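>>> Just need the structure, nothing else, for what follows:
(2 chains, ligands or ions: 2)
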Amino acid sequence: MSSNGNNHLQSAMDSNDDGIEDMDFSHGDHFEEEDLAMGASSKDSGFDSVIGHIEDIIMEESFQSTQNGFLEKYYTEFEDTEENKFCYTDIHKEYISLIETYLDSELKKRIPDFSMPEFSKQLQERRKELEGEIFEILLTFSDFMAFKEMLLDYKADKEGKTIDLSGGLTVMPVQEKLSLDGDSPFCVSGKSLHGP
Amino acid sequence: MGLLTILKKMKQKEKEVRLLMLGLDNAGKTTILKKFNGEDIDTISPTLGFNIKTLEHRGFKLNIWDVGGQKSLRSYWRNYFESTDALIWVVDSADRMRLNDCKKELHALLVEERLAGATLLVFANKQDLPGSLTAKEIREALDLDSIKTHHWLIQDCSAVTGDNLLNGMDWVVNDIASRIFTMD
Ligand SMILES: Nc1nc2c(ncn2[C@@H]2O[C@H](COP(=O)(O)OP(=O)(O)OP(=O)(O)O)[C@@H](O)[C@H]2O)c(=O)[nH]1
Ligand SMILES: [Mg+2]
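Ligands and ions are numbered 1, 2, ... in the order given. Below you'll find the model as predicted:
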């Protein structure tokens, strides 16, 4: 086949050449109850309340400090180069497991009969309607490129460089000191928040 | 299974596929990746870790993982098997000396449980080099006809000219798509 075919492939791919997954936000940049409502019937309320709890959990200071502790421990391993080191993969696995364990134990504290298998069944049933920031944020936790970017942002912040917010969704804590005054230290930034 | 893992698995069922590109060092994996992405291919150094690119192709989002192939790095390959939809095995068709090594490494991957469901594309790369073996010769040297466990195809190509890279990708995407749709 001709090299034209390959050019076609390239141009089809040009729109996404930063290696970062586009995040499709359908809502604004605040956590609002109505953004996350999945439906009005009463059997939805259990599901919605779990979602509400997850939102609360990740906005709380104790989650932030857990995450900050992790970033603080590992940010020096990361370098702003395109190629990734093998150790990033282990660090990311550790991060996913930290967040999962944290969410699971917090949910069990708040909802005594919480069952992850049951909740995951509900998620499956609703996969077509899962929209909103909370799901994007949860997916970001397990997305490698977003994870790498979070570490690099943290590192740049630590080392006093300007932070480039143009790369898509970043879930990023601001400096730890700020988290003491009651404001949420959690900041969600990215161009896709503003839509096309 | 934790929440994040569940959500991630759900997302992967959408039109998003994970392609793992492996092969001996110097085969041309990173060159292929960059060529796909329309990047400069003149200054590529041997990969000591791994690269990732996310590309759109025919309505699919392709997450391509390219892991370094030097002998000392091959033990890390296993960390990237999980959830792989297709294995892209890249061969330097001019490297006759290491064909046996190449065959052994490939067949060792094919018995890996976590790659059991994966489609296999073999790129017989560097066809632009004089003296490179043909796809048919590579097919015999790697004993591809003995593979009964995976859907496979060998495609001759050149990462430098870009020839036939798209053919290979088309086949991979088609094969994955037909597999996923018949499973549903
Ligand atoms: N002539 C020719 N040279 C190629 C082709 N593909 C790759 N090369 C060259 O082969 C060398 C190795 O290419 P890489 O892409 O770095 O190989 P790799 O498989 O990523 O190697 P590792 O990262 O060590 O695993 C480079 O000098 C490339 O320019 C090709 O199709 N034709
Ligand atoms: Mg390489």
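
>>> CA only for contacts and neighbour counts going forward, please
Fine.

>>> the longest helix in chain A is where?
Longest helix of chain A, by residue count under DSSP state H: helix A:86-110.

>>> Revised request: answer the last question for chain B.
For chain B, the helix with the greatest residue count under DSSP H is helix B:165-183.

>>> picking that back up, quick one: the longest helix of chain A near ligand 1?
No. Using C-alpha under 6 Å from any ligand atom, we find that helix A:86-110 stays clear of ligand 1, coming within 13.3 Å at best.

>>> CA-only coordinates of the longest helix of chain B, as PDB, when you get a sec.
The C-alpha trace of helix B:165-183 is given here as PDB (Å, rounded to 0.1, in the frame of the first residue of the first chain):
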ATOM      1  CA  LEU B 165       2.100   0.100   8.900                       C
ATOM      2  CA  LEU B 166      -1.500   1.100   8.400                       C
ATOM      3  CA  ASN B 167      -2.400  -2.300   6.900                       C
ATOM      4  CA  GLY B 168      -1.200  -4.000  10.000                       C
ATOM      5  CA  MET B 169      -3.100  -1.600  12.300                       C
ATOM      6  CA  ASP B 170      -6.300  -2.100  10.300                       C
ATOM      7  CA  TRP B 171      -6.100  -5.800  10.700                       C
ATOM      8  CA  VAL B 172      -5.400  -5.500  14.400                       C
ATOM      9  CA  VAL B 173      -8.400  -3.200  15.000                       C
ATOM     10  CA  ASN B 174     -10.700  -5.400  12.900                       C
ATOM     11  CA  ASP B 175      -9.600  -8.500  14.700                       C
ATOM     12  CA  ILE B 176     -10.200  -7.000  18.100                       C
ATOM     13  CA  ALA B 177     -13.500  -5.500  17.100                       C
ATOM     14  CA  SER B 178     -14.800  -8.800  15.700                       C
ATOM     15  CA  ARG B 179     -13.700 -10.600  18.900                       C
ATOM     16  CA  ILE B 180     -15.300  -8.100  21.200                       C
ATOM     17  CA  PHE B 181     -18.600  -8.000  19.200                       C
ATOM     18  CA  THR B 182     -19.000 -11.800  19.000                       C
ATOM     19  CA  MET B 183     -18.300 -12.000  22.800                       C
END
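
>>> Output the below-cut-off pLDDT ranges for the chain.
Using chain A here. Low-confidence segments of chain A (pLDDT under 70): A:1-45, A:128, A:130, A:161-196.

>>> look at chain B instead
Low-confidence segments of chain B (pLDDT under 70): B:1, B:10-14, B:181-184.

>>> again, only using 50
B:183-184 (pLDDT under 50).

>>> residue ranges of the strands in it, please?
Secondary structure of chain B (DSSP state E): strands located at B:16-22, B:50-57, B:60-67, B:86-92, B:119-125, B:152-156.

>>> Minimum distance to chain A: which of these has it?
Chain A lies closest, by C-alpha to the nearest C-alpha, to one member of the strands of chain B: strand B:50-57, at 4.6 Å.

>>> hmm, the closest one touching ligand 2?
No. Strand B:50-57 lies out of reach of ligand 2 by C-alpha under 5 Å from the ion, never closer than 7.6 Å.

>>> tell me how far the ends of stretch B:102-117 are from each other?
End-to-end distance for stretch B:102-117: 21 Å, by C-alpha to C-alpha, to the nearest Å.

>>> Distance from that stretch to the middle of the chain?
12 Å (C-alpha atoms, centre = their mean, to the nearest Å).

>>> Pull out the buried positions in that stretch.
Buried residues in stretch B:102-117, counting neighbours by 16 or more other C-alpha atoms under 10 Å in any protein chain shown, are found at B:102-103, B:105-106, B:109-110, B:115-117.

>>> how far away is the closest residue to B:A141 other than its chain neighbours from ligand 2?
What sits nearest to B:A141 in space, not counting adjacent residues and going by C-alpha to C-alpha, 6 or more residues apart in numbering or on different chains, is B:L99, at 6.8 Å. According to C-alpha to the ion, to the nearest Å, B:L99 stands 18 Å off from ligand 2.

>>> Show me which residues of chain B sit near ligand 2.
B:30, B:46-47.

>>> Filter these down to just the buried residues.
In those, the ones that pass as buried (16+ other C-alpha under 10 Å) are B:30, B:47.
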